[in-house]
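K.L.:
Here is a sequence with its predicted model. Questions after.
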Amino acid sequence: MNDTAPQTAGGKVLWHFTMSLDGFVAGPNHEMDWMTTGMSARPGLIDEYVQTTGAVLGGRDGWDASSDSRPYGGDWKGPIFVLTHHPEDATPADDVMFLNCGPAEAVRIGLEAAGGKNLEVFSPSIGRQLLELGLIDEIDLHIAPVLLGEGIRLYDNPGGEPIRLHRVGEGDPTAVVNVRYRPGPLTGVSPLDVEDGA
């Protein structure tokens, strides 16, 4: 499967995540350590997002769990907006503004601050709300070759209607994307554990 064309800075609202094959974007407590081992991205991918991102919009839970880490390993500099109902008890940080408003207003503020570049949405719950409001221009996913089994899903809307997507790029936009993997070695499990039914 070919990668999509490079991202452009077109003033888009971009819902952007690395996601496990089973649909999780973080572990149960927003852990992201699963992304740091045994995975590689195409050369230049991180720089692509560093250059095209003008501002970031995230949620309070993710912010609190991130320990003030900056996107893209600290290579990206710019305004971060954190949507929260309780901005008064948030830990302040440089270039971070805590917003207590609706998601549509947060997008307006973020796009204005992005200065013609993209506003990246780094929150599953905010992304879902923006998708339902028709405010997401693109969903940009990097599917990691890992099965987490539990955690925070990219899109969780029990009882909701399915949302049909059109793939960006050449070919049929409604075509199924085929991926094929082989299981790698299990980490932390010895062959004896498997034989004993552990």
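P.N.:
Right, received. Where do you want to start?

K.L.:
need the strands for the protein, in chain order.
P.N.:
13-20, 24-26, 53-59, 80-83, 96-99, 118-121, 138-144, 152-153 (DSSP state E).

K.L.:
if you compare those, which one is most tucked away?
P.N.:
Counting by mean count of other Cβ atoms under 10 Å, strand 118-121 has the highest mean neighbour count of those, with a mean of 28. For the C-beta atoms, the positions are set from N, CA and C on the backbone; glycine is no exception.

K.L.:
how far out from the middle of the chain is it?
P.N.:
Taking Cα atoms, centre = their mean, to the nearest Å, the mean C-alpha location of strand 118-121 is offset from the chain mean by 10 Å.

K.L.:
Please name every helix or strand in contact with that strand.
P.N.:
strand 13-20, strand 53-59, helix 103-114 (3 or more Cβ pairs under 8 Å, 6 or more residues apart in numbering; DSSP states H and E).

K.L.:
try it again with 6 Å
P.N.:
Secondary-structure packing of strand 118-121 (3 or more Cβ pairs under 6 Å, 6 or more residues apart in numbering; DSSP states H and E): strand 13-20, strand 53-59.

K.L.:
For residue 113, find the nearest of those.
P.N.:
strand 53-59 (4.5 Å; Cβ to Cβ).

K.L.:
Now do the closest one and strand 13-20, the angle between them.
P.N.:
70 degrees (axes from the mean of the first three to the mean of the last three Cα atoms, to 10 degrees).

K.L.:
ok, strand 53-59: who's next to it in the sheet?
P.N.:
Using DSSP bridges, the strands paired with strand 53-59 are strand 80-83 (parallel), strand 118-121 (parallel).

K.L.:
okay, the ones you listed in TSV with mean pLDDT next?
P.N.:
Shown next, in TSV, are these (pLDDT from 0 to 100):
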stretch	mean pLDDT
strand 80-83	96
strand 118-121	97
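
K.L.:
Tell me which of those sits nearest to residue 65.
P.N.:
strand 80-83 (11.8 Å).

K.L.:
Need the distance between the two termini of stretch 89-104.
P.N.:
For stretch 89-104, the first-to-last residue distance is 23 Å (Cα to Cα, to the nearest Å).

K.L.:
Please renumber the chain so that the first residue is 37 from this point on.
P.N.:
With 37 as the first residue, the last one maps to stretch 125-140.

K.L.:
What residues sit buried inside it?
P.N.:
Buried residues in stretch 125-140, counted by 16 or more other Cβ atoms under 10 Å: 126, 132, 133, 134, 135, 139.

K.L.:
check contacts around the third one.
P.N.:
Which is residue 133. residue 117 (Cβ atoms under 6 Å, 6 or more residues apart in numbering).

K.L.:
what is it paired to in the beta sheet?
P.N.:
With DSSP bridges as the rule, residue 133 is bridged to residue 117.

K.L.:
what about it, distance to residue 148?
P.N.:
Going from residue 133 to residue 148 by Cβ to Cβ, to the nearest Å gives 12 Å.

K.L.:
Would you format the strands of the chain as JSON lines with distance to residue 196 included?
P.N.:
Listed next are these as JSON lines, based on distance: least, Cβ to Cβ, whole Å:
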{"stretch": "strand 49-56", "distance to residue 196": "16"}
{"stretch": "strand 60-62", "distance to residue 196": "18"}
{"stretch": "strand 89-95", "distance to residue 196": "19"}
{"stretch": "strand 116-119", "distance to residue 196": "20"}
{"stretch": "strand 132-135", "distance to residue 196": "25"}
{"stretch": "strand 154-157", "distance to residue 196": "18"}
{"stretch": "strand 174-180", "distance to residue 196": "16"}
{"stretch": "strand 188-189", "distance to residue 196": "13"}
